[in-house]
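Q: For reference, the sequence and a predicted model appear below.
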Amino acid sequence: MAGGKIQELVDVAIVGGGAAGLVTAIFAARRRPEWTVTILDGARHLGAKILVAGGGRCNVTNRVVSAADFHGGSPHVIKRILAAFPAEQTAAFFREIGVELHEEEHGKLFPDTNRARSVLDALLSEADRCGVHIRTDHRVLSIERGEAGFRIETPAATLTARHVVLATGGRSLPKTGSDGLGYELARALGHTLIPTTPALVPLLLAGEFHAPLSGISQDVELTVSATGTKPVRVRGALLWTHFGISGPAVLDVSRHWHRARLEQREVSVTVNFLPGDDFAAAEQRLLAAVWAQPRAVLRGLLARWLPVRVADAMATALGITRMLPMAHLSKEIRRKLIHALIAWPLPVIDSRGYSHAEATAGGVPMNEIDPTTMASRVCPGLFLAGEILDVDGRIGGFNFQWAWSSGWVAAAGLAQRDDREQAE
Ligand SMILES: Cc1cc2nc3c(=O)[nH]c(=O)nc-3n(C[C@H](O)[C@H](O)[C@H](O)COP(=O)(O)OP(=O)(O)OC[C@H]3O[C@@H](n4cnc5c(N)ncnc54)[C@H](O)[C@@H]3O)c2cc1C
């Protein structure tokens with residue numbers, strides 16, 4: 001102790017003990033049992049995000065993971081990192097530490113216990129078994145690189161470390177401790193930053209249309225169209241809420257809406273209630289339904305494809321009486337209806353922000369990282385893993401897979417650097 005502060009010399013200091021920090025620590029300690037590997041985390045308890053993940057069940061990974069499931073850094077680089085520690089190896093690792101996974105819809109893998117706590121507990125006990133030191137309540141305020149290594153300051157300790165891993169996450173759910181300070185630490189060590197926006201976040205809508213629909217979930221296709229870019233289409237469930245829209249399809253498109261706004265593009269979001277249909281297919285479908293039931297009224301017809309409340313809200317918004325007999329369907333109303341069914345505009349005004357986002361888009365650019373080691377290309381001895389990097393995955397276990405894979409590569413990179421230093 002000096003000046004009341006703990007002074008410590010460590011081989012590896014891992015800043016942030018979330019998913020990425022924990023696996024980096026475990027794999028580094030497994031490779032080099034003689035090292036002192038210390039996790040520093042500002043939170044009182046580790047793993048808050050693991051515990052809330054997947055509705056408290058933790059969607060650990062996906063059966064099939066590819067670079068196409070991610071945005072941000074170059075797909076080639078992401079593919080390389082995923083290939084070093086793929087989903088099968090992740091499942092084998094979790095099995096080894098006592099967590100059996102099972103598959104659910106869309107390839108999502110969950111623990112058999114259906115409890116995120118069992119995932120966190122297994123990681124913590126493996127870290128403990130490997131001799132990883134964990135210091136909670138140690139928010140890192142600054143890191144400086146000097147002759148003797150990195151000098152790391154927390155309110156309670158000063159550490160000197162040969163190597164540092166930044167695994168501080170992004171800005172999503174800041175109350176868990178991932179509030180963006182990690183980006184400033186990276187910047188102070190020479191990195192640049194790609195501006196961040198929330199990702200996997202519910203969207204807020206203007207107007208009244210959505211309010212009476214709150215609680216309804218339906219399968220749709222969403223399209224985000226932004227000037228100067230290719231439209232992005234996502235199929236899946238949309239959940240109407242009192243504030244706007246949520247559900248997997250909405251969470252997946254939210255990052256595209258935010259990125260378009262960040263780039264100051266004109267952006268619109270439309271919903272196709274007949275996923276996969278274009279105008280011609282929808283027209284055929286509508287005509288076939290009218291011929292099959294010439295005495296039906298509009299409400300009955302729309303209810304074939306839409307929840308009744310959505311059908312009613314649509315008819316009201318279009319100014320068409322819902323009891324209109326289909327025999328009286330004019331060409332003009334038919335066109336209006338088809339457009340409404342395949343490209344209903346959603347007046348998105350914003351998202352619920354980082355406090356409701358599951359991920360962060362943007363961060364430390366991947367071209368400043370060596371993908372074979374996760375070593376910083378601008379600060380020797382520094383490594384980065386997880387959400388702090390400019391990589392964000394779609395919904396389905398992909399963000400955790402990024403944490404596991406990049407953490408594994410960082411641990412291998414640390415050992416490689418050590419080998420090189422020993423040889424010099
Ligand atoms: C509600 C919710 C549900 C989710 N569900 C899933 C899911 O089911 N499947 C999936 O794949 N992904 C899911 N995600 C995303 C996933 O949780 C993240 O992608 C993942 O946790 C990122 O891991 P990380 O280790 O990079 O960062 P984090 O988990 O954010 O961990 C970063 C750690 O660093 C610490 N820290 C930050 N700054 C400092 C500092 N200056 N000093 C010391 N410590 C610091 C924080 O306290 C935190 O413990 C979900 C996210 C949320 C918010």
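A: Thanks, I have the structure now.
Q: and the longest helix for this protein?
A: helix 398-423 (DSSP state H).
Q: Can you give me the neighbour number for residue 285?
A: 16 (other CB atoms under 10 Å). Using the backbone N, CA and C atoms, a C-beta is placed for each residue, glycine as well.
Q: Mind telling me what element it is part of?
A: helix 279-292 (DSSP states H and E).
Q: what do you get for residue 373?
A: Counting by DSSP H and E, no helix or strand carries residue 373.
Q: rewinding a little: which parts of the longest helix of the chain are buried?
A: Within helix 398-423, the residues scored as buried using 16 or more other CB atoms under 10 Å are 398-415, 417-418.
Q: ok, and which of the residues you listed reach the ligand?
A: Among those, the residues lying close to the ligand (CB under 6 Å from any ligand atom) are 398-400, 403.
Q: Can you tell me how far the spatially most central residue of the chain is from the ligand?
A: Note on the chain: the residue nearest the mean C-alpha position is residue 359, at 3.6 Å, using CA atoms, centre = their mean. Using CB to the nearest ligand atom, to the nearest Å, we find residue 359 at a distance of 5 Å from the ligand.
Q: Up against the ligand, what does the stretch 101-250 of the chain have?
A: So the stretch 101-250 of the chain meets the ligand at 139-140, 167-169, 172-173, 177-178, 181-182 (CB under 6 Å from any ligand atom).
Q: so which of the residues you listed would you say is closest to residue 51?
A: Using CB to CB, residue 173 comes nearest to residue 51 of these, at 11.1 Å.
Q: Count residues in the vicinity of whatever residue of the stretch 1-150 of the chain ends up closest to the ligand, would you?
A: Here the residue of the stretch 1-150 of the chain nearest the ligand is residue 18; by CB to the nearest ligand atom that distance is 2.1 Å. Other residues near residue 18 come to 28 when the count uses other CB under 10 Å.
Q: Thought residue 404 was touching it, still the case?
A: No - using CB atoms under 8 Å, residue 18 is not in contact with residue 404; the gap is 11.4 Å.
Q: Tell me the buried residues in stretch 190-199?
A: Within stretch 190-199, the residues that count as buried by 16+ other CB under 10 Å are 191, 193-194, 196-199.
Q: er, stretch 99-108 actually
A: Quick answer for stretch 99-108 (16+ other CB under 10 Å): 99, 101, 104, 108.
Q: How about residues contacting that stretch?
A: Defining contact as CB atoms under 8 Å, 6 or more residues apart in numbering, one finds that stretch 99-108 is touched by 54, 59-64, 91, 94-95, 109-113, 118-119, 122, 396-397.
Q: how about the strands in the stretch 51-200 of the chain?
A: For the stretch 51-200 of the chain, the strands defined by DSSP state E, counting those that start in this stretch occupy 61-62, 70-72, 101-103, 108-111, 133-135, 142-146, 149-153, 157-166, 194-199.
Q: Show me what the longest helix of the chain is packed against.
A: The contact analysis (3 or more CB pairs under 8 Å, 6 or more residues apart in numbering; DSSP states H and E) places helix 398-423 against helix 19-31, strand 61-62, helix 75-84, helix 87-96, strand 157-166, strand 382-384, strand 391-393.
Q: can you redo the ones next to the ligand among the buried residues of helix 398-423 as CSV with pLDDT?
A: Formatted as CSV, these follow (pLDDT from 0 to 100):
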residue, pLDDT
398, 98
399, 98
400, 98
403, 98
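Q: Residue 400 reaches residue 59, doesn't it?
A: Yes - counting by CB under 8 Å, residue 400 touches residue 59, with 7.1 Å between them.
Q: Give me the common contacts of the two.
A: The contact sets of residue 400 and residue 59 overlap at residue 53 (CB under 8 Å, 6+ apart).
Q: Quick check: buried residues in stretch 75-85?
A: Buried positions in stretch 75-85, judged by neighbour count with 16+ other CB under 10 Å: 77-78, 81-82, 84-85.
Q: Please determine how far residue 207 is located from residue 317.
A: Going from residue 207 to residue 317 by CB to CB, to the nearest Å gives 9 Å.
Q: which stretches of the chain have low pLDDT?
A: The chain contains residues with pLDDT under 70 at 1-3.
Q: Show the contacting residues for residue 415.
A: Residue 415 is in contact with 28, 31-32, counting by CB under 8 Å, 6+ apart.
Q: sorry, that was for residue 173
A: Contacts here follow CB under 8 Å, 6+ apart; on that basis residue 173 touches 48-49, 52, 354-358.
Q: quick one: which of those has the most company?
A: Neighbour counts for these, by other CB under 10 Å, peak at residue 357, which reaches 27 neighbours.
Q: Domain parsing of the protein, as residue ranges.
A: 6-198+358-423, 203-352 (automatic domain parsing).
Q: Need the winner for burial among those.
A: Compared across the domains of the chain, domain 6-198+358-423 shows the largest average neighbour count, a mean of 20 (mean count of other CB atoms under 10 Å).
Q: Need the phi and psi values for residue 300.
A: The phi/psi pair for residue 300 (degrees, to the nearest 10) reads phi -60, psi -40.
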